[in-house]
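Peer 1: The amino acid sequence is not available; the structure is as follows:
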């Protein structure tokens, strides 16, 4: 039997929906994006009995079907469209036992769409200590549904859920609230015009435009039905909400008892400290510092291991494969390039781990609460703090995390400035250049190299804030000061959930970056090993030194370097060199910068390919470290290429330039226009060029 | 008529009117409806957002929004 049952997991944010998803599917899940939008689409498979499979869709968290963000809109669109390939056979509404009343609003709305619905009351293990008692039988009857008590502690309930999924045809799909009682006159009119449509569905479609566009209203607009003004619709929405609350209240009065004396303690005590007007900030700063400290301390151990493993792998390839151009491409281009990415997995993984712990525990909302006013002064929102912190790992998830910022102006500015934050892809470039040009010495017990790295992080952060300040002044967008944020309960993050997040994010980072590096390495290598003209064909004739006087190895090196300069890449590099010369770079670095526009982390791999091609130092099959080759590089007059001046200029270029195609693609999707990514690209890159130019001219 | 923005830390009040068009529907769904009790838990420094409890929901909103909600002090 190949029948697949489609299940939608729906619920308010912070209800532990993802934990339930993970419990049902394990690692049998994949994350993709919904076509056209960058809303994450989480899908997993859950095996039932007799070979039946359930496809579980973890939909973005939403408070109701009155969508007010892109994430929420997606849920509505899916549930309204019966022909959608993911349209669910049944919906599991996940709710928090401590706030059943509010969670039931969404439950009743989904039920009114005539979708068979199961209610999962999550975190049920907290009931006793919160003084909550539920009469499940009564609730099931009144709500006309099946109820399952779920918890993260045990997995007893999983079988029960599977059973319900398998027998979803027995579930009730009767509506909860007769929509017309909200305002009989209006809705009866609506019913007469569209006799074949389900009333609540019509109502949801009509309302979409109030908060968010997209759902097609053409059919309604083409009819002779008068559309009410926004304020009228809003009044009706308010009426609907009140009606639902009334009905839910009556049901809960019978099915739920709360001994409120037990409820408050823990949360209030922690909030007193964490949202304190002085200690709250101190604690936040301490947590941030501790995170960065641990990332560098802990990550260095696996990083050293990865570094040496890739170096030996490259050596092994060189020794064991027949020597030649292909082997060099594999060892120096691809393995070194991929190694340059893999080495950052530990840091990225730790960073995502901490961010996910901060979010899951409920602490992030407190930070948003504390920083909102300050961030507003820069034209941002307190909710911008999360993207800015995530931006230290990678701008892509960070820009996606801006979606819950209600005010479009604040959200746009956050999107535009986040790429200034020092992302993990800048690190390989920073580390290699710092090691080359900044002395490994100490001043007052502080290492110069460490100071340099820290300054680069600070420069990124300060630039982000300053640009917001400027943007908020010049952008002619009306700022609507909307800000509604739930302050969730504190809870211990579930290790499994944190692990899944870390695993997924790290994996997609490596796969995406890996693809780009592979492609660019191959293209560069082809361009660097092919050329036309006599200089490329017979380089020996163009060696200026007297061939009789120098060793064979030196001849080979000179030959290779003439060949490279006259290859296609050399040709391209030489023709763009005048652009980069004033910044202190030669044509090889120029090529590195150009390829970095695909993604910054490509820089090291690019230089590895270019430098190794004219570097015949594999007499013992030993790969020479790219750093040493770079340190040796000289220009035509024998001056070192990597000096303090050119090094700092290069560091600053990478700090400011918008070199990441994936980020631009995300900005395009999130802002739904080409204008913003193009402006972002031009302005950031111009700024990078200008600042590097000044710094090089001053320092040299 | 006092507004939600006038509430002091620890004080409790009853919501009387939320008819302003500027109030996001999301806040209403969180339980910010006439008749419900509201309590101020924390006020962020420098006139920042307020952290309130309404109807079992814990929410933070900005002062601008709080000014639109009319309350009745107990």
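Peer 2: Thanks, I have it. Here the structure is a predicted model, which is why all the values come from computation and not from measurement. Numbers count the residues shown, from 1 in each chain, chains lettered A, B, ... in the order given.

Peer 1: Show residues contacting stretch A:330-339.
Peer 2: With contact meaning C-beta atoms under 8 Å, 6 or more residues apart in numbering or on different chains, stretch A:330-339 is reached by A:306-307, A:310-311, A:313-315, A:317-318, A:321, A:514, A:517-518, A:520-522, A:524-525, A:602, A:604-606, A:608-609, A:612, A:623, A:626. All C-beta spots, glycine's among them, are computed from the backbone N, C-alpha and C.

Peer 1: typo on my end, stretch A:147-166
Peer 2: With C-beta under 8 Å, 6+ apart, stretch A:147-166 has contacts from A:5, A:7, A:16, A:19-20, A:23-24, A:46, A:48-49, A:52, A:54, A:90, A:92, A:94, A:97, A:118-125, A:134, A:136, A:139-140, A:146, A:171, A:494.

Peer 1: do the same with stretch A:438-445
Peer 2: Residues contacting stretch A:438-445 (C-beta under 8 Å, 6+ apart): A:447-449, A:451-452, A:644, A:647.

Peer 1: same thing but 7 Å
Peer 2: A:448-449, A:452 (C-beta atoms under 7 Å, 6 or more residues apart in numbering or on different chains).

Peer 1: Then stretch A:536-555?
Peer 2: By C-beta under 7 Å, 6+ apart, stretch A:536-555 touches A:535, A:558-559, A:562-563, A:566-567, A:616.

Peer 1: could you list every residue that touches the closest residue to chain A within chain B?
Peer 2: Closest residue of chain B to chain A, C-beta to the nearest C-beta: residue B:48 (3.4 Å). Taking C-beta under 7 Å, 6+ apart as the contact definition, residue B:48 lies against A:372-373.

Peer 1: Same check on residue B:71?
Peer 2: Residue B:71 neighbours (C-beta under 7 Å, 6+ apart): B:2-4, B:7, B:13-16, B:38.

Peer 1: try 8 Å this time
Peer 2: Residue B:71 neighbours (C-beta under 8 Å, 6+ apart): B:1-4, B:6-7, B:13-16, B:38.

Peer 1: looking at this, the residue of chain B closest to chain A is in a helix?
Peer 2: No - Residue B:48 is assigned coil when assessed by DSSP: H, G, I helix; E, B strand; the rest coil, not a helix.

Peer 1: Filter the contacts of stretch A:330-339 down to just the buried residues.
Peer 2: Taking 16 or more other C-beta atoms under 10 Å in any protein chain shown as the criterion, what is buried in those is A:306, A:310-311, A:313-315, A:317-318, A:517, A:520-521, A:524-525, A:602, A:604-606, A:608-609, A:612, A:623, A:626.

Peer 1: Would you mark the buried spots in whichever strand or helix holds residue A:464?
Peer 2: Element membership for residue A:464, per DSSP states H and E: helix A:448-474. For helix A:448-474, a neighbour-count test (16+ other C-beta under 10 Å) marks A:449, A:452-453, A:456-457, A:459-461, A:463-465, A:467-468, A:471-472 as buried.

Peer 1: Isn't residue A:358 up against residue A:364?
Peer 2: Yes - using C-beta atoms under 8 Å, residue A:358 is in contact with residue A:364, at 4.9 Å.

Peer 1: Residue A:93 belongs to a strand, doesn't it?
Peer 2: Yes - under three-state DSSP, residue A:93 sits within a strand.

Peer 1: What about it, how many residues nearby?
Peer 2: For residue A:93, the neighbour count with other C-beta atoms under 10 Å in any protein chain shown is 26.

Peer 1: so what's it up against?
Peer 2: With C-beta under 8 Å, 6+ apart, residue A:93 has these contacts: A:10-11, A:103, A:106-107, A:110, A:117-120.

Peer 1: Can you name the next helix or strand after the worst-scoring helix or strand of chain B on mean pLDDT?
Peer 2: Using mean pLDDT, DSSP states H and E, the weakest-scoring helix or strand in chain B turns out to be helix B:25-29, at a mean of 85. Counting by DSSP H and E, the next helix or strand C-terminal to helix B:25-29 is strand B:37-43.

Peer 1: any idea how far residue B:61 is from the most far-flung residue of chain B relative to its centre?
Peer 2: Farthest-out residue of chain B from its mean C-alpha position, per C-alpha atoms, centre = their mean: residue B:46, at 18.0 Å. Remark: distance between residue B:46 and residue B:61 (C-beta to C-beta, to the nearest Å) = 16 Å.

Peer 1: now swap in residue A:292 and tell me
Peer 2: Note on residue A:292: its distance to residue B:61, by C-beta to C-beta, is 32 Å.

Peer 1: So those two - more neighbours on which side?
Peer 2: Applying other C-beta under 10 Å to residue A:292 and residue B:61 shows that residue B:61 carries more neighbours, namely 26 against 15.

Peer 1: where does that one fall, phi/psi-wise?
Peer 2: Phi and psi for residue B:61, reported as degrees, to the nearest 10, are phi -140, psi 160.

Peer 1: which residue sits closest to it, ignoring its sequence neighbours?
Peer 2: Excluding its sequence neighbours, the residue lying closest to residue B:61 (C-beta to C-beta, 6 or more residues apart in numbering or on different chains) is residue A:484, at 5.6 Å.

Peer 1: In strands, which of the contacts of residue A:93 appear?
Peer 2: Residues of the contacts of residue A:93 located in strands (DSSP state E): A:10-11, A:117-120.

Peer 1: Which single one of these is nearest to chain B?
Peer 2: residue A:11 (13.8 Å).

Peer 1: ok, the closest one - contacts?
Peer 2: A:17, A:61-62, A:93-95, A:103, A:106, A:122.

Peer 1: Would you tell me which residues of the stretch 151-300 of chain A are close to chain B?
Peer 2: Within the stretch 151-300 of chain A, the residues that sit near chain B (C-beta under 8 Å from any C-beta of the partner chain) are A:210-211, A:230-231, A:234-235, A:237-238, A:241-242, A:245, A:267-268, A:271, A:275, A:277.
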